[in-house]
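**Q** Show me how the following folds:
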Amino acid sequence: MGSILIILIIAYFVIINIVAFIAYGRDKKKAEKNEYRTPEKTLILFAYIGGPIGALAGMQTFRHKTKKKKFTILVPLALVLWILLWLFGAVQVLPSLEGNHFPKRQKSASTWMETLPDDMLLSDVVLPGVHDAVTNAVQIALFSRCQSESITGLLKDGYRYLDIRLGVTETRKGKELYLMHGFTYCLNGLTRYKADRLLKECTKFLKKNPSETIVFVVKYEHGDETLKSFENLLNDKLEQYKGYVLFTDSMPTVSEARGKIVLFRRYEDEAGLGVRAGLPLIWEDQGGHDDVSLNVAANENGSYTVYVQDRYCYGVEDKWNAFTETAEKVKIEKGSGDVLINFLSTKGTMKYGHPYYFANKLNKQLETWLTEERKQPQGWILTDFGDARQARLIYTLNE
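**A** Numbering: from 1, shown residues only. So this is what the prediction gives:
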(Lines give C-alpha, C1' and ligand atoms only; values in the text may rest on other atoms or scores of the structure.)
Protein backbone atom coordinates (compact mmCIF):
# COMPACT_ATOMS: atom_id res chain seq x y z
CA MET A 1 0.00 0.00 0.00
CA GLY A 2 2.79 2.40 0.89
CA SER A 3 4.64 1.75 -2.40
CA ILE A 4 1.46 2.30 -4.43
CA LEU A 5 0.82 5.60 -2.64
CA ILE A 6 4.38 6.76 -3.34
CA ILE A 7 3.96 5.93 -7.03
CA LEU A 8 0.65 7.82 -7.16
CA ILE A 9 2.20 10.88 -5.51
CA ILE A 10 5.13 10.87 -7.95
CA ALA A 11 2.75 10.43 -10.89
CA TYR A 12 0.68 13.40 -9.71
CA PHE A 13 3.71 15.69 -9.53
CA VAL A 14 4.96 14.63 -12.96
CA ILE A 15 1.53 15.21 -14.54
CA ILE A 16 0.83 18.56 -12.84
CA ASN A 17 4.22 19.93 -13.88
CA ILE A 18 3.68 18.82 -17.48
CA VAL A 19 0.21 20.44 -17.44
CA ALA A 20 1.67 23.66 -16.00
CA PHE A 21 4.37 23.77 -18.69
CA ILE A 22 1.80 23.26 -21.46
CA ALA A 23 -0.52 25.88 -19.94
CA TYR A 24 2.21 28.54 -20.07
CA GLY A 25 3.04 27.61 -23.67
CA ARG A 26 -0.58 27.76 -24.80
CA ASP A 27 -1.14 31.07 -23.04
CA LYS A 28 1.90 32.53 -24.81
CA LYS A 29 0.50 31.49 -28.20
CA LYS A 30 -2.90 32.94 -27.32
CA ALA A 31 -1.21 36.20 -26.35
CA GLU A 32 0.51 36.35 -29.73
CA LYS A 33 -2.81 35.71 -31.53
CA ASN A 34 -4.70 38.09 -29.24
CA GLU A 35 -7.09 35.30 -28.24
CA TYR A 36 -8.85 34.67 -24.92
CA ARG A 37 -6.20 34.20 -22.24
CA THR A 38 -5.81 31.91 -19.23
CA PRO A 39 -6.32 34.02 -16.08
CA GLU A 40 -3.03 34.96 -14.42
CA LYS A 41 -4.21 33.65 -11.06
CA THR A 42 -4.78 30.24 -12.68
CA LEU A 43 -1.25 30.19 -14.08
CA ILE A 44 0.17 31.05 -10.66
CA LEU A 45 -2.10 28.47 -9.02
CA PHE A 46 -0.47 25.72 -11.06
CA ALA A 47 2.78 26.43 -9.21
CA TYR A 48 1.12 26.15 -5.81
CA ILE A 49 -0.76 22.91 -6.44
CA GLY A 50 2.43 21.06 -7.26
CA GLY A 51 3.68 22.35 -10.61
CA PRO A 52 6.33 25.00 -9.80
CA ILE A 53 9.00 23.33 -11.96
CA GLY A 54 6.68 23.17 -14.98
CA ALA A 55 5.58 26.76 -14.39
CA LEU A 56 9.16 28.08 -14.16
CA ALA A 57 10.24 26.00 -17.16
CA GLY A 58 7.28 27.36 -19.13
CA MET A 59 8.13 30.96 -18.20
CA GLN A 60 11.74 30.56 -19.36
CA THR A 61 11.12 28.38 -22.42
CA PHE A 62 8.35 30.51 -23.87
CA ARG A 63 9.63 33.83 -22.46
CA HIS A 64 6.22 34.32 -20.92
CA LYS A 65 5.37 36.45 -17.84
CA THR A 66 9.09 36.93 -17.15
CA LYS A 67 8.71 40.70 -16.76
CA LYS A 68 5.70 40.57 -14.45
CA LYS A 69 6.79 40.95 -10.84
CA LYS A 70 4.04 38.78 -9.34
CA PHE A 71 5.18 35.88 -11.52
CA THR A 72 8.91 36.38 -10.91
CA ILE A 73 8.22 36.42 -7.15
CA LEU A 74 5.30 34.07 -6.57
CA VAL A 75 6.32 31.20 -8.87
CA PRO A 76 9.90 30.84 -7.47
CA LEU A 77 8.40 31.18 -3.97
CA ALA A 78 6.11 28.25 -4.75
CA LEU A 79 9.15 26.19 -5.77
CA VAL A 80 10.90 26.99 -2.46
CA LEU A 81 7.77 26.04 -0.50
CA TRP A 82 7.43 22.75 -2.37
CA ILE A 83 11.10 21.91 -1.84
CA LEU A 84 10.61 22.41 1.89
CA LEU A 85 7.46 20.28 1.78
CA TRP A 86 9.24 17.56 -0.19
CA LEU A 87 12.07 17.52 2.34
CA PHE A 88 9.54 17.27 5.17
CA GLY A 89 7.81 14.42 3.40
CA ALA A 90 11.07 12.60 2.74
CA VAL A 91 11.97 12.77 6.43
CA GLN A 92 8.60 12.40 8.17
CA VAL A 93 6.31 10.53 5.78
CA LEU A 94 8.44 8.37 3.48
CA PRO A 95 9.98 6.27 6.30
CA SER A 96 6.47 5.55 7.60
CA LEU A 97 5.29 4.45 4.16
CA GLU A 98 8.35 2.41 3.20
CA GLY A 99 9.19 1.20 6.70
CA ASN A 100 5.89 -0.62 7.10
CA HIS A 101 5.50 -2.34 3.74
CA PHE A 102 5.38 -5.80 5.25
CA PRO A 103 2.12 -7.59 6.09
CA LYS A 104 0.08 -6.12 8.93
CA ARG A 105 0.97 -7.04 12.50
CA GLN A 106 -0.12 -10.40 13.80
CA LYS A 107 -2.77 -10.57 16.53
CA SER A 108 -0.31 -12.55 18.64
CA ALA A 109 2.29 -9.76 18.54
CA SER A 110 0.77 -8.06 21.59
CA THR A 111 0.96 -11.25 23.65
CA TRP A 112 3.91 -13.17 22.25
CA MET A 113 5.58 -13.48 25.67
CA GLU A 114 2.72 -15.50 27.16
CA THR A 115 4.24 -18.77 25.87
CA LEU A 116 7.64 -18.15 27.48
CA PRO A 117 8.55 -20.32 30.52
CA ASP A 118 7.92 -18.50 33.80
CA ASP A 119 11.32 -19.47 35.21
CA MET A 120 13.26 -18.19 32.19
CA LEU A 121 15.52 -15.22 32.97
CA LEU A 122 14.65 -12.07 31.06
CA SER A 123 18.26 -11.88 29.88
CA ASP A 124 17.82 -15.24 28.10
CA VAL A 125 14.84 -14.03 26.05
CA VAL A 126 15.58 -12.90 22.50
CA LEU A 127 13.97 -9.47 22.63
CA PRO A 128 13.21 -7.19 19.70
CA GLY A 129 13.97 -3.62 20.72
CA VAL A 130 14.19 -0.10 19.36
CA HIS A 131 16.94 2.50 19.56
CA ASP A 132 15.65 5.98 20.53
CA ALA A 133 12.13 4.71 21.03
CA VAL A 134 10.06 7.91 20.92
CA THR A 135 11.54 9.51 17.82
CA ASN A 136 8.76 8.88 15.32
CA ALA A 137 8.12 12.63 15.65
CA VAL A 138 11.08 14.77 16.64
CA GLN A 139 12.73 18.12 16.01
CA ILE A 140 15.31 18.24 13.18
CA ALA A 141 13.90 14.93 11.99
CA LEU A 142 16.38 14.48 9.12
CA PHE A 143 19.10 13.69 11.67
CA SER A 144 17.13 12.75 14.79
CA ARG A 145 14.24 10.57 13.65
CA CYS A 146 14.87 6.85 14.24
CA GLN A 147 11.40 5.26 14.29
CA SER A 148 8.32 5.34 12.08
CA GLU A 149 5.80 4.15 14.68
CA SER A 150 4.52 5.50 17.97
CA ILE A 151 5.25 3.75 21.28
CA THR A 152 1.83 2.12 21.22
CA GLY A 153 2.44 0.88 17.68
CA LEU A 154 5.86 -0.49 18.57
CA LEU A 155 4.51 -2.37 21.58
CA LYS A 156 1.67 -3.82 19.52
CA ASP A 157 4.22 -4.87 16.89
CA GLY A 158 6.04 -6.90 19.55
CA TYR A 159 8.97 -4.69 20.52
CA ARG A 160 9.82 -5.06 24.21
CA TYR A 161 13.13 -3.20 24.73
CA LEU A 162 12.63 0.58 24.72
CA ASP A 163 15.71 2.79 24.55
CA ILE A 164 14.53 5.85 26.52
CA ARG A 165 16.45 9.15 26.39
CA LEU A 166 15.29 11.78 28.88
CA GLY A 167 16.14 15.42 29.43
CA VAL A 168 15.25 17.93 32.13
CA THR A 169 13.79 21.34 31.29
CA GLU A 170 12.70 24.13 33.60
CA THR A 171 9.07 25.15 33.01
CA ARG A 172 6.69 27.59 34.71
CA LYS A 173 5.40 24.68 36.77
CA GLY A 174 8.86 23.45 37.73
CA LYS A 175 11.30 20.91 36.32
CA GLU A 176 9.88 18.52 33.75
CA LEU A 177 11.17 15.32 32.13
CA TYR A 178 10.94 15.18 28.35
CA LEU A 179 11.86 12.56 25.76
CA MET A 180 14.88 13.67 23.74
CA HIS A 181 17.40 12.60 21.13
CA GLY A 182 20.56 14.55 21.79
CA PHE A 183 19.54 18.18 22.17
CA THR A 184 16.35 17.74 20.11
CA TYR A 185 12.94 17.16 21.68
CA CYS A 186 10.62 14.32 20.75
CA LEU A 187 7.18 15.64 19.88
CA ASN A 188 3.57 14.86 20.67
CA GLY A 189 1.81 16.79 17.94
CA LEU A 190 3.19 20.32 18.24
CA THR A 191 4.20 19.96 21.88
CA ARG A 192 7.17 18.34 23.56
CA TYR A 193 6.72 14.70 24.55
CA LYS A 194 6.61 14.36 28.35
CA ALA A 195 7.76 11.30 30.30
CA ASP A 196 4.27 11.14 31.83
CA ARG A 197 2.73 10.42 28.45
CA LEU A 198 5.22 7.64 27.76
CA LEU A 199 4.52 5.98 31.10
CA LYS A 200 0.78 6.20 30.50
CA GLU A 201 1.15 4.53 27.11
CA CYS A 202 3.30 1.75 28.56
CA THR A 203 1.05 1.05 31.55
CA LYS A 204 -2.03 1.12 29.34
CA PHE A 205 -0.48 -1.56 27.14
CA LEU A 206 0.54 -3.71 30.12
CA LYS A 207 -2.88 -3.44 31.71
CA LYS A 208 -4.41 -4.82 28.53
CA ASN A 209 -1.63 -7.42 28.02
CA PRO A 210 -0.50 -8.66 31.47
CA SER A 211 1.59 -11.48 30.00
CA GLU A 212 4.06 -8.97 28.58
CA THR A 213 6.90 -6.92 29.98
CA ILE A 214 8.72 -3.78 28.88
CA VAL A 215 12.46 -3.47 29.28
CA PHE A 216 12.67 0.25 30.01
CA VAL A 217 16.27 1.41 29.60
CA VAL A 218 16.78 5.03 30.67
CA LYS A 219 19.62 7.36 29.74
CA TYR A 220 20.03 10.94 30.98
CA GLU A 221 20.35 12.55 27.56
CA HIS A 222 20.34 16.30 28.03
CA GLY A 223 19.98 19.01 30.64
CA ASP A 224 21.80 21.16 33.18
CA GLU A 225 20.59 19.20 36.22
CA THR A 226 22.96 16.98 38.13
CA LEU A 227 22.58 13.24 37.72
CA LYS A 228 21.42 13.06 41.34
CA SER A 229 18.66 15.61 40.65
CA PHE A 230 17.67 13.76 37.48
CA GLU A 231 17.40 10.46 39.34
CA ASN A 232 15.15 12.00 42.00
CA LEU A 233 12.90 13.57 39.37
CA LEU A 234 12.54 10.23 37.59
CA ASN A 235 11.92 8.44 40.88
CA ASP A 236 9.10 10.88 41.73
CA LYS A 237 7.59 10.30 38.30
CA LEU A 238 7.77 6.51 38.58
CA GLU A 239 6.14 6.62 42.02
CA GLN A 240 2.86 7.49 40.27
CA TYR A 241 3.08 4.23 38.31
CA LYS A 242 4.69 2.02 40.97
CA GLY A 243 2.08 -0.70 40.54
CA TYR A 244 3.46 -1.28 37.05
CA VAL A 245 7.18 -0.84 37.72
CA LEU A 246 9.43 -3.69 38.84
CA PHE A 247 12.22 -2.53 41.14
CA THR A 248 14.71 -5.34 41.65
CA ASP A 249 18.40 -5.87 42.40
CA SER A 250 18.84 -8.91 40.15
CA MET A 251 17.91 -10.01 36.66
CA PRO A 252 14.22 -11.00 36.93
CA THR A 253 12.53 -14.09 35.59
CA VAL A 254 9.80 -13.81 33.01
CA SER A 255 7.23 -14.54 35.71
CA GLU A 256 8.49 -11.67 37.89
CA ALA A 257 8.52 -9.31 34.93
CA ARG A 258 5.06 -10.06 33.52
CA GLY A 259 2.81 -7.02 33.45
CA LYS A 260 5.70 -4.79 34.54
CA ILE A 261 8.01 -2.07 33.32
CA VAL A 262 11.46 -3.39 34.25
CA LEU A 263 13.60 -0.36 34.99
CA PHE A 264 17.21 -0.33 33.79
CA ARG A 265 19.59 2.63 33.94
CA ARG A 266 22.59 3.66 31.87
CA TYR A 267 24.16 5.76 34.63
CA GLU A 268 25.59 5.37 38.11
CA ASP A 269 23.24 5.65 41.09
CA GLU A 270 24.55 8.97 42.41
CA ALA A 271 21.30 9.63 44.28
CA GLY A 272 21.74 6.46 46.33
CA LEU A 273 18.27 5.19 45.49
CA GLY A 274 19.35 1.58 45.61
CA VAL A 275 16.84 -0.81 44.10
CA ARG A 276 14.59 2.08 43.04
CA ALA A 277 17.32 3.40 40.77
CA GLY A 278 16.82 0.42 38.47
CA LEU A 279 19.14 -2.35 37.36
CA PRO A 280 22.47 -1.07 36.01
CA LEU A 281 22.98 -1.44 32.28
CA ILE A 282 26.06 0.71 31.89
CA TRP A 283 28.65 0.81 29.11
CA GLU A 284 31.06 3.36 27.73
CA ASP A 285 30.01 5.26 24.63
CA GLN A 286 31.24 3.28 21.63
CA GLY A 287 30.72 5.38 18.48
CA GLY A 288 33.05 3.88 15.92
CA HIS A 289 36.52 2.35 15.97
CA ASP A 290 39.38 2.27 13.50
CA ASP A 291 39.85 -1.40 14.32
CA VAL A 292 36.49 -2.92 13.37
CA SER A 293 37.43 -6.19 15.06
CA LEU A 294 36.86 -4.42 18.40
CA ASN A 295 33.11 -4.37 18.05
CA VAL A 296 31.74 -5.75 21.29
CA ALA A 297 32.66 -4.71 24.84
CA ALA A 298 32.06 -6.59 28.10
CA ASN A 299 30.90 -4.49 31.03
CA GLU A 300 30.55 -5.76 34.58
CA ASN A 301 27.25 -4.62 36.09
CA GLY A 302 27.12 -6.07 39.59
CA SER A 303 26.13 -9.71 39.46
CA TYR A 304 25.97 -9.95 35.68
CA THR A 305 27.97 -8.95 32.63
CA VAL A 306 26.55 -6.85 29.81
CA TYR A 307 28.01 -7.44 26.35
CA VAL A 308 27.27 -4.48 24.09
CA GLN A 309 27.82 -3.72 20.43
CA ASP A 310 26.67 -0.14 19.77
CA ARG A 311 28.95 1.12 17.01
CA TYR A 312 26.74 3.94 15.80
CA CYS A 313 29.40 5.72 13.70
CA TYR A 314 29.91 2.91 11.18
CA GLY A 315 28.84 2.78 7.55
CA VAL A 316 26.56 0.01 6.30
CA GLU A 317 29.21 -2.65 5.66
CA ASP A 318 31.15 -2.14 8.90
CA LYS A 319 27.93 -1.95 10.91
CA TRP A 320 26.57 -5.16 9.44
CA ASN A 321 29.86 -6.94 10.13
CA ALA A 322 29.88 -5.62 13.70
CA PHE A 323 26.32 -6.85 14.26
CA THR A 324 26.75 -10.32 12.76
CA GLU A 325 30.18 -10.97 14.25
CA THR A 326 28.88 -10.03 17.69
CA ALA A 327 25.86 -12.29 17.28
CA GLU A 328 27.99 -15.22 16.17
CA LYS A 329 30.93 -14.87 18.57
CA VAL A 330 29.30 -13.87 21.86
CA LYS A 331 27.61 -16.83 23.53
CA ILE A 332 25.61 -16.21 26.70
CA GLU A 333 25.31 -19.04 29.22
CA LYS A 334 21.64 -19.49 30.00
CA GLY A 335 20.71 -18.83 33.60
CA SER A 336 23.80 -16.69 34.21
CA GLY A 337 21.98 -13.38 34.09
CA ASP A 338 24.52 -12.09 31.57
CA VAL A 339 22.97 -10.27 28.63
CA LEU A 340 23.94 -9.37 25.07
CA ILE A 341 22.72 -6.08 23.60
CA ASN A 342 23.31 -5.88 19.86
CA PHE A 343 22.47 -2.63 18.05
CA LEU A 344 21.80 -2.61 14.31
CA SER A 345 21.27 1.17 14.35
CA THR A 346 23.87 3.64 13.04
CA LYS A 347 24.11 7.21 11.77
CA GLY A 348 27.12 6.63 9.55
CA THR A 349 30.62 8.05 9.71
CA MET A 350 29.74 11.72 9.37
CA LYS A 351 29.06 13.97 12.35
CA TYR A 352 25.37 14.15 11.50
CA GLY A 353 23.76 11.30 9.61
CA HIS A 354 20.36 10.28 8.27
CA PRO A 355 19.39 7.13 10.27
CA TYR A 356 16.68 6.09 7.81
CA TYR A 357 19.17 5.70 4.96
CA PHE A 358 21.15 3.14 6.95
CA ALA A 359 18.15 1.41 8.54
CA ASN A 360 16.54 0.90 5.14
CA LYS A 361 19.56 -1.12 4.00
CA LEU A 362 20.46 -2.89 7.25
CA ASN A 363 16.91 -4.02 8.07
CA LYS A 364 16.67 -5.75 4.71
CA GLN A 365 19.95 -7.55 5.41
CA LEU A 366 18.62 -8.57 8.81
CA GLU A 367 15.52 -10.14 7.28
CA THR A 368 17.60 -12.13 4.81
CA TRP A 369 19.99 -13.19 7.56
CA LEU A 370 17.15 -14.48 9.75
CA THR A 371 15.03 -16.09 7.03
CA GLU A 372 17.25 -17.37 4.23
CA GLU A 373 20.36 -18.00 6.33
CA ARG A 374 18.27 -19.09 9.35
CA LYS A 375 20.55 -17.58 11.96
CA GLN A 376 19.70 -18.01 15.65
CA PRO A 377 21.13 -14.99 17.51
CA GLN A 378 20.86 -14.47 21.26
CA GLY A 379 20.23 -11.34 23.25
CA TRP A 380 18.37 -8.10 22.83
CA ILE A 381 18.39 -6.80 19.26
CA LEU A 382 17.85 -3.08 18.71
CA THR A 383 16.99 -1.49 15.38
CA ASP A 384 15.84 1.76 13.78
CA PHE A 385 12.61 2.01 11.76
CA GLY A 386 11.51 -1.49 12.66
CA ASP A 387 8.07 -2.85 11.81
CA ALA A 388 5.79 -5.72 12.80
CA ARG A 389 7.38 -8.17 10.37
CA GLN A 390 10.87 -7.53 11.73
CA ALA A 391 9.76 -7.82 15.35
CA ARG A 392 8.10 -11.14 14.60
CA LEU A 393 11.24 -12.52 12.94
CA ILE A 394 13.13 -11.74 16.16
CA TYR A 395 10.71 -12.81 18.87
CA THR A 396 9.84 -16.10 17.15
CA LEU A 397 13.48 -17.09 17.69
CA ASN A 398 12.32 -18.00 21.20
CA GLU A 399 10.04 -20.75 19.87
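**Q** so what's residue 306 up against?
**A** For residue 306, the contacting residues are 281-283, 298-299, 338-339, 341, by Cβ atoms under 8 Å, 6 or more residues apart in numbering. C-beta: built from backbone N, CA, C; applies to glycine.
**Q** sec struct for it, please.
**A** strand (DSSP: H, G, I helix; E, B strand; the rest coil).
**Q** Need the max-distance pair from the contacts of residue 306.
**A** 282 and 338 (14.2 Å; Cβ to Cβ).
**Q** Pull the number of nearby residues for residue 76.
**A** 15 (other Cβ atoms under 10 Å).
**Q** correction: residue 205
**A** 19.
**Q** That one touches residue 211, doesn't it?
**A** No - at 11.4 Å, residue 205 does not count as touching residue 211 under the criterion of Cβ atoms under 8 Å.
**Q** Which of residue 282 and residue 338 has more residues huddled nearby?
**A** Between residue 282 and residue 338, counted using other Cβ under 10 Å, residue 338 has the larger neighbour count: 24 against 17.
**Q** That one: what's its closest spatial neighbour, skipping adjacent residues?
**A** Leaving aside its sequence neighbours, residue 338 sits nearest to residue 305 (Cβ to Cβ, 6 or more residues apart in numbering; 4.6 Å).
**Q** State the pLDDT value of the one you found.
**A** Residue 305 carries a pLDDT value of 93.
**Q** Next: residue 2.
**A** Confidence score, pLDDT, at residue 2: 48.
**Q** Check residue 98 too.
**A** Residue 98 is assigned a pLDDT of 54 by the prediction.
**Q** what does residue 170 give?
**A** pLDDT, read off for residue 170, is 87.
**Q** That one and residue 197: what is the separation?
**A** For residue 170, the distance to residue 197 equals 19 Å [Cβ to Cβ, to the nearest Å].
**Q** likewise residue 310?
**A** The value you get for residue 310 to residue 197, if Cβ to Cβ is used, is 26 Å.
**Q** Spatially central residue in the chain, please.
**A** residue 147 (1.8 Å; Cα atoms, centre = their mean).
**Q** For that residue, give me its contacts.
**A** Applying Cβ under 8 Å, 6+ apart to residue 147 gives the contacts 130, 132-136, 154, 384-386.
**Q** repeat for residue 316
**A** 346, 358, 361-362.
**Q** Can I get the buried ones among those residues as something I can paste into PyMOL?
**A** Applying 16 or more other Cβ atoms under 10 Å to these, the buried members can be selected in PyMOL as follows:
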select buried, resi 346+358+362
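**Q** Grab the two from the contacts of residue 316 that are most spread out in space.
**A** Going by Cβ to Cβ, the pair spanning the contacts of residue 316 furthest: 346 and 361, at 10.1 Å.
**Q** roughly how far apart are the residue nearest to the centre of the chain and residue 346?
**A** For residue 147, the distance to residue 346 - Cβ to Cβ - is 15 Å.
**Q** Mean confidence (pLDDT) on stretch 182-197, please.
**A** 93.
**Q** Mind giving me the packing neighbours of the helix ranked longest in the chain?
**A** Ranked by residue count under DSSP state H, the longest helix found in the chain is helix 2-33. Packed against helix 2-33 by the contact rule (3 or more Cβ pairs under 8 Å, 6 or more residues apart in numbering; DSSP states H and E) you find helix 40-48, helix 52-61, helix 94-98.
**Q** Minimum distance to residue 82: which of those has it?
**A** helix 52-61 (5.3 Å).
**Q** what's in contact with the very next helix or strand once past the closest one?
**A** Following helix 52-61 in sequence order, the next helix or strand is helix 69-88 (DSSP states H and E). Under the contact criterion Cβ under 8 Å, 6+ apart, helix 69-88 has outside partners 40, 43-44, 47-48, 50, 52-53, 55-56, 59, 65-66, 142.
**Q** What's the ChimeraX line that selects buried ones from these?
**A** A single ChimeraX command selects the buried members of these (16+ other Cβ under 10 Å):
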select :43,44,47,50,52,53,55,56,59,65,142
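**Q** Dump the contacts of helix 69-88 to a markdown table, plus distance to residue 326 and pLDDT.
**A** Formatted as a markdown table, these follow (distance: Cβ to Cβ, whole Å; pLDDT from 0 to 100):
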| residue | distance to residue 326 | pLDDT |
| --- | --- | --- |
| 40 | 63 | 92 |
| 43 | 59 | 94 |
| 44 | 57 | 93 |
| 47 | 52 | 93 |
| 48 | 51 | 94 |
| 50 | 46 | 92 |
| 52 | 48 | 94 |
| 53 | 47 | 95 |
| 55 | 53 | 94 |
| 56 | 51 | 94 |
| 59 | 57 | 93 |
| 65 | 61 | 90 |
| 66 | 61 | 91 |
| 142 | 29 | 85 |
